[in-house]
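[1] Fold the stuff below for me.
(chains A and B)
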Amino acid sequence: MSNDITRRDALALGVSAAALAVTGAKAQTSPIKAADVPAPKFAIEKGATLRMLRPVRFVQADEDVFRANAAKFTKDTGVEVKVDFVGWEDINQQTAVTSNSGAGPDMIIGFSDAPHIYVDKLVELTDVADYIGKRYGGWLPLAQTYGKRSKSNAWIGLPFGATAGPLIYRKSVLKSVGFDKVPEDHAGIVDLCQKLHKAGKPAGFALGNAKGDGNGFANWALWSHNAALLDEEGNITINSKETIAALNWIKQLYPTFIAGTPSWNDVSNNRAYSSQEISLTANGVSLYFSLKNDPATKAIAEDSEHQLLPKGLAKVSPMAGLTLNAMLFKHSQYPNAAKAFLTYMLEKDQYEPWLNANSGYWSQPLAAYADAAVWSSDPKVTIFKDTMKSTYYDGYKGPISTATGAVSADYVLIQMCAAVATGAQTPEAAAAEAEQRAKRYFRRQGR
Amino acid sequence: MSVTTISARSYAQHQPGWFARLLDNKLFLIVVCLTPAIGLLTVFLTYPLGLGVWLAFTDTTIGQRGIFVGFENFQYLLKDPLWWGAVFYSIFYTAVATFGKFALGFWLALLLNNHIPLKSLIRAIVLLPWIVPTVLSALAFWWIYDPQFSIISYLLVDVLGWRSTNIDFLGTPWPARFSLIAANIWRGIPFVAISLLAGLQTISPSLYEAAMLDGATAWQRFRYITFPMMMPILAIVMTFSIIFTFTDFQLVYAITRGGPVNSTHLLATLAFQRGIAGGELGEGAAIAVSMVPFLVFATLFSYFGLARRKWQQGEAND
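    Numbering: from 1, shown residues only, chains lettered A, B, ... in the order given. Reported below is the predicted structural model:
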């Protein structure tokens, strides 16, 4: 507490703001390069107050720094900001209610596709995005996909970070079957998984109704075969020969998995990996941290390595990150204050400490932040630095819409993969059924 | 009594106030007493139900106001293999689980009806599975059925050595279906057992004494006294049980979420999955509404069928 007061005193004395990293870290030597771009002047409305909703934290430091940044904004501008943290599973519903009723928080940080669903109710943020983009080395591809209205340069959301699920594997086990890392080609992966299976330390990927891990695996299988749910125009292209090839590959791969993956949910692979039942899976960085922070499993963490999802036939690793995406609603009485706040939070004095506080759970949407200290703190976390460089996203490669989100929430693609893996359906039948189900969700897009 | 009447008469001469006269008005009393109840029913039952039925005929999504589409949702469902799968499993689940619950519950009730030491304590303990919040027991079963960490697999593989691999309870359709039914039976037995126990205790012991004097065996006493006497309460309990089982949601959603590959979706979980997770409120509502005919049929069947005297006392005994 006393620390806090000295910092505020310092502020009053007009010491450079860069010295005031909220974490108390040595921010004077910030490695982040910011271009000298004239900041847009937002005329903050008189008596403005702001309310924001955002998803709950991974780590306590996330919330602490975020709140401290908001408090700093209040101190600098006099605008009161109230930030509420909401459970992940509730944020979509609360956004829907806010947007439909035209009341509630001024800003919501939702997930990936949210601004595209409520685009009519949002204030365009192009001025903020242009300035921040120019200042910090440009927006990364995933940020552009989720931030901009499709096929235009109008920004409707401001990405704050993304988290993805690359491969995580046991170095020693892979070495024991003759591999240094997971091969980049499909045949090589099958070969590796067969050998792991024979060694009694199989691979395991979620094929159950798991929103994160299940969709991640299904998308990887499809995209690495150049299959996709949609084409650029938004036509459903899931029933294709590329999809059939992907499904046949899964059929080959599935017998090498540990038993029970069709019933796995999002935590199952974490548990199986932590108890050393499996040696290869795909997961977010949370698994690594939970292993590392528990003395009982620290050895597993030391023996683990992350690797971007293998490319297969794709040009870059086909991995989509779940993105924090900030929206500003038209019903806000103080849009200028809100824009000023969002800009403020993305400036390096605020954003860099926040990024570092997240210790790798969220990775930056702006190129310049790749130099942040967090990415050199633990070499095993460094790989997450490029999460937002991906050109793949939920609903690839069509325009993002309500329906793309619904397809992944209803597990359409996972169930297609699982049906083929377990032999319940032929690849052709499964792809046709997925097409039918997708068509149902997309039937309203033309209206 | 007479005292009050007299005083009321004497009051009448004094012309009681308008409020007292109002309270004497039968119509007014009826309205005043019924309004809260009707109000609550309207707000919390009729309106949501009506809204649900209305939504079933629209294409409303979360975040988008829908338009009236007539029977389009239902037409789609009739062509949807997942809906048919959910109908099949809902009926199968209800039938098997109800049978299991009644067989075991009736048996348990008969056992508990005997004089045993610590009778009340045992009866209280029997109720436990029913008292525990469903989600908690579902989570316990989720661990019991876990593909990697199941206690059953652990006992069979690591302790007893009877199997070399873990049992895959939830990874393939039929084992998953029966695993859920077992969990539902476990949870439902206490309700049936305690209700039937209450029924058993209303049967007069003199009937059994008379039968014993006539030389009836234990089975005959059960078949011709206990069972017919229990029929009315069986009908009621079964009606409730069928409704609870058919509309079950928590167990399935917490343990399998309808997986593997939709083989364990009940209509209720499918409605939630489509309506809330998938955002297709209209379609979800249509799935929920499609449960109504099944429920009405099951209720009528068990209520009128089982409560008929012919069933209770045999054809000849009109």
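[2] center of chain B, which residue is that?
    B:Phe244 (1.9 Å; Cα atoms, centre = their mean).
[3] so that residue is in which element?
    B:Phe244 belongs to helix B:227-246 when assigned by DSSP states H and E.
[4] Can you tell me which helices and strands that helix packs against?
    helix B:81-112, helix B:173-200, helix B:291-300, helix B:306-307, helix B:309-313 (3 or more Cβ pairs under 8 Å, 6 or more residues apart in numbering or on different chains; DSSP states H and E). The C-beta positions use only the backbone N, C-alpha and C, and glycine is treated the same way.
[5] Buried deepest among these, which one?
    helix B:173-200 (a mean of 21; mean count of other Cβ atoms under 10 Å in any protein chain shown).
[6] Could you verify my assumption that the residue nearest to the centre of chain B touches B:Val192?
    No: with contact defined as Cβ atoms under 8 Å, B:Phe244 does not reach B:Val192; the gap is 10.4 Å.
[7] quick revisit: and the helices and strands packed on helix B:227-246 as JSON lines, adding distance to A:Ala96 and mean pLDDT?
    JSON lines is the format used below for those (distance: least, Cβ to Cβ, whole Å; pLDDT from 0 to 100):
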{"stretch": "helix B:81-112", "distance to A:Ala96": "24", "mean pLDDT": "93"}
{"stretch": "helix B:173-200", "distance to A:Ala96": "31", "mean pLDDT": "92"}
{"stretch": "helix B:291-300", "distance to A:Ala96": "25", "mean pLDDT": "88"}
{"stretch": "helix B:306-307", "distance to A:Ala96": "45", "mean pLDDT": "64"}
{"stretch": "helix B:309-313", "distance to A:Ala96": "51", "mean pLDDT": "57"}
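[8] Write out the residues of the stretch 151-300 of chain B neighbouring chain A.
    B:165-166, B:168-173, B:176, B:256-263, B:273-274, B:276-280 (Cβ under 8 Å from any Cβ of the partner chain).
[9] Spatially nearest residue to A:Ser263, not counting backbone neighbours?
    B:Leu170 (3.5 Å; Cβ to Cβ, 6 or more residues apart in numbering or on different chains).
[10] Verify the stated contact: that neighbour with B:Pro260.
    Yes: contact criterion Cβ under 8 Å: B:Leu170 and B:Pro260 qualify, at 6.8 Å.
[11] Which neighbours do these two have in common?
    A:262-263, B:176 (Cβ atoms under 8 Å, 6 or more residues apart in numbering or on different chains).
[12] from those residues, which single one is nearest A:Phe58?
    A:Ser263 (26.0 Å; Cβ to Cβ).
[13] Let me see the contact set for the closest one.
    Contacts of A:Ser263 by Cβ under 8 Å, 6+ apart are A:208, B:145, B:147, B:168-171, B:176, B:256, B:259-260.
[14] do you know how far it is from B:Gln250?
    Separation of A:Ser263 from B:Gln250 (Cβ to Cβ, to the nearest Å) stands at 17 Å.
[15] just to revisit the earlier point, run the angle between the helix holding B:Phe244 and helix B:291-300 for me.
    170 degrees (axes from the mean of the first three to the mean of the last three Cα atoms, to 10 degrees).
[16] buried sites along helix B:227-246?
    Buried residues in helix B:227-246, defined by neighbour count with 16 or more other Cβ atoms under 10 Å in any protein chain shown: B:228-231, B:233-239, B:241-242, B:244-246.
[17] From the contact counts, what lies against the following helix or strand past that helix?
    The first helix or strand that comes after helix B:227-246 along the chain, using DSSP H and E, is helix B:250-255. On a contact count with 3+ Cβ pairs under 8 Å, 6+ apart, helix B:250-255 meets helix B:134-144, helix B:173-200, helix B:267-272.
[18] Can I get helix B:250-255 in PDB? Just the C-alpha atoms.
    Below are the C-alpha coordinates for helix B:250-255, written out as PDB (Å, rounded to 0.1, in the frame of the first residue of the first chain):
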ATOM      1  CA  GLN B 250     -28.300 -32.200 -15.400                       C
ATOM      2  CA  LEU B 251     -26.900 -35.700 -15.300                       C
ATOM      3  CA  VAL B 252     -26.500 -36.000 -19.000                       C
ATOM      4  CA  TYR B 253     -25.200 -32.500 -19.500                       C
ATOM      5  CA  ALA B 254     -22.700 -32.700 -16.600                       C
ATOM      6  CA  ILE B 255     -21.400 -36.200 -17.500                       C
END
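[19] So which elements touch the longest helix seen in chain A?
    Using DSSP state H to define each element, chain A has its longest helix at helix A:60-77. Helices and strands touching helix A:60-77, by 3+ Cβ pairs under 8 Å, 6+ apart, are strand A:80-86, helix A:335-346, helix A:348-357.
[20] residue contacts, A:Asp213?
    A:Asp213 is in contact with A:165, A:205-206, A:264, A:266, A:269, A:282-283, counting by Cβ under 8 Å, 6+ apart.
[21] can you rerun that using 6 Å?
    Listed by Cβ atoms under 6 Å, 6 or more residues apart in numbering or on different chains, the contact set of A:Asp213 reads A:206, A:266, A:269.
[22] Which neighbouring elements make contact with the helix or strand hosting the last one?
    Assessed by DSSP H and E, A:Asn269 sits inside helix A:268-274. Applying 3 or more Cβ pairs under 6 Å, 6 or more residues apart in numbering or on different chains; DSSP states H and E, one finds that helix A:268-274 makes contact with no other helix or strand.
[23] Kindly recompute the last result at 10 Å.
    strand A:167-170, helix A:213-223, strand A:280-282, helix A:285-293, helix A:298-302 (3 or more Cβ pairs under 10 Å, 6 or more residues apart in numbering or on different chains; DSSP states H and E).
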